[in-house]
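Undergrad: Give me the fold of what follows.
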Amino acid sequence: SRRSRHLPIRLTLNRLFLFGVILYYTYILYSKTRDKYYVGYTSNLTARLEKHNAGGSRFTKSGIPWEIVYFEEYLDKSSAIKRENKIKKKKSRKYIENLIAEGRPENSGSPVAPATCRFD
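TA: Modelled structure (predicted):
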């Protein structure tokens, strides 16, 4: 199941640590350098973003710096992977940009919308 968060990532991660809950994330990165989006999943947004920006992924290496522009939280890994694959199968920049702009997925049957993520 998907859960919405309107908290900064640091607060979300601290909350998870305190409660011993591991959440999984489907996330979208954006590179101004390449004007491209990247969709992935992880259990640690902060560490994964650092890895992308350190050149640790073949696809994202040429687009440094990347920024997280959108993410959704899931209680289990398989749900996060399914959502990642669903977004990728759309093969649509417009679909991704609509997700980011609206801050929620298309009608997925869940009443809970995901959070958009802005680093200020």
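Undergrad: secondary structure class for the most centrally placed residue in the chain?
TA: By Cα atoms, centre = their mean, the chain has its centre lying nearest to Tyr27, at 1.3 Å. Secondary structure, DSSP: H, G, I helix; E, B strand; the rest coil: Tyr27 is strand.
Undergrad: Relative to Tyr95, how far out is it?
TA: Distance of Tyr27 to Tyr95, computed by Cβ to Cβ, to the nearest Å: 15 Å. Every residue, glycine included, has its C-beta placed from N, CA and C.
Undergrad: Now do the contacts for the closest residue to Ile64 other than its chain neighbours.
TA: Using Cβ to Cβ, 6 or more residues apart in numbering and skipping residues adjacent in sequence, the residue nearest Ile64 is Asn53, 5.4 Å away. Applying Cβ atoms under 8 Å, 6 or more residues apart in numbering to Asn53 gives the contacts 64-66.
Undergrad: 10 Å instead, please
TA: 29, 31, 60-61, 63-67 (Cβ atoms under 10 Å, 6 or more residues apart in numbering).
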